[in-house]
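S.K.: Have a look at this fold, sequence not included:
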């Protein structure tokens, strides 16, 4: 007997996601009408009873655990390797799928075979727009990442598309990793994410490789997914800043060439000097403790050598 492959394999990498994962799974199951869906969860060494919470509510779900923290890229790759679906949906645990989104994404992918990756319409918990598509990193973005008060975070200079661009279907450069719909045929050609990225830039590099091989990346406003955002990364900003710098350096070295990489390092030196002065002044003004300042300065040193 021939068993039909699922339309979509939803792959969720969890890390200390106990508070949000059940809402995520519920939203997939409750909104999978007319779509054959399988759910695969890869737990990256959670310590907050994420696995127990999942198995209590869904004892038969496909949960892969016990391997420690592999990183976002390796976790998703493990899920895709095990997936049986015609398409993949890479989904963060702090997301919730809206009614019709899975069907809309699947139908669109079937009708647009050259759209190797598709970005849904992401919204914040209050329903406002969340940027889900971006332009590829460049030196201007790197510079204003340090001098963030000079340019609004949502500026096109910072790689954002304007809000009005989210009202219609369009091709994009890269997609936020919180929710990416991927055609299996693309994965068959380019493989999974680069596992040398532990956190940040994994999906950026993946999209860059896809675009380099002439795949189109599309944004689809009619498929909505809510994303809470950064629930598992906000607890240690200094560590995350170092990981961001390490991944940023790798992306520039791998994809943008020696000149861009050297210019990135120059920008980093200038930016860190500015951050260091700003931190010391904050101590003098009583807005930052000496210990907090030392932690920041230590992270700046690590970023310098990332």
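M.R.: Everything's here; your move. In this text, all values refer to a predicted model and were calculated from it rather than measured experimentally. Numbering: from 1, shown residues only.

S.K.: C-alpha from now on. contacts and neighbour counts both.
M.R.: Fine.

S.K.: Just give me the neighbour total for the closest residue in space to residue 71 that isn't next to it in sequence.
M.R.: Closest residue to residue 71 apart from its sequence neighbours, by CA to CA, 6 or more residues apart in numbering: residue 198 at 4.7 Å. Residues lying near residue 198 (other CA atoms under 10 Å) number 19.

S.K.: just for the stretch 101-250 of the chain, where's the confidence low?
M.R.: 230-235 (pLDDT under 70).

S.K.: Point out the other helices and strands that the host helix or strand of residue 269 packs with.
M.R.: Using DSSP states H and E, the element containing residue 269 is helix 257-284. Judged by 3 or more CA pairs under 8 Å, 6 or more residues apart in numbering; DSSP states H and E, the packing partners of helix 257-284 are helix 139-146, helix 290-304.

S.K.: And the helix or strand following the shortest one, what does it pack against?
M.R.: The one in question is helix 139-146. Under the assignment DSSP H and E, the closest C-terminal helix or strand after helix 139-146 is strand 170-171. If you count contacts as 3+ CA pairs under 8 Å, 6+ apart, strand 170-171 packs onto strand 216-227.

S.K.: Return the set of buried residues in the strand it packs on.
M.R.: Neighbour-count burial for strand 216-227 flags 216, 217, 218, 219, 220, 221, 223, 224, 225, 226, 227 (criterion: 16 or more other CA atoms under 10 Å).

S.K.: go on, stretch 273-288?
M.R.: Buried residues in stretch 273-288 (16+ other CA under 10 Å): 275, 276, 279, 280.

S.K.: so which two of these are the farthest from each other?
M.R.: 275 and 280 (8.7 Å; CA to CA).

S.K.: still on that earlier bit, compute the inter-axis angle for the helix holding residue 269 and helix 139-146.
M.R.: Interaxial angle, helix 257-284 versus helix 139-146 (axes from the mean of the first three to the mean of the last three CA atoms, to 10 degrees): 10 degrees.

S.K.: does residue 75 really touch residue 15, like I thought?
M.R.: No: taking CA atoms under 8 Å as the definition, residue 75 is not a contact partner of residue 15, at 10.3 Å.

S.K.: hey, what's in contact with both of these two?
M.R.: Common contacts of residue 75 and residue 15, defined by CA atoms under 8 Å, 6 or more residues apart in numbering, comprise 43, 44.

S.K.: Identify the spatial nearest neighbour of residue 147, chain neighbours not counted.
M.R.: Leaving aside its sequence neighbours, residue 147 sits nearest to residue 271 (CA to CA, 6+ apart; 7.1 Å).

S.K.: For that neighbour, grab the count of nearby residues.
M.R.: Applying other CA under 10 Å, we find 19 residues neighbouring residue 271.

S.K.: quick one, what contacts it?
M.R.: Applying CA under 8 Å, 6+ apart, the residues near residue 271 are 143, 146, 147.

S.K.: What is the nearest of these to residue 193?
M.R.: Nearest to residue 193 among those, with distances taken as CA to CA, is residue 143, at 26.2 Å.

S.K.: what about the closest residue to that closest one other than its chain neighbours, neighbour count?
M.R.: Counting by CA to CA, 6+ apart, residue 143 lies nearest to residue 267, which is 6.0 Å off, once chain neighbours are set aside. By other CA under 10 Å, 19 other residues sit near residue 267.

S.K.: got it, and residue 177?
M.R.: Using other CA under 10 Å, residue 177 has 22 neighbouring residues.
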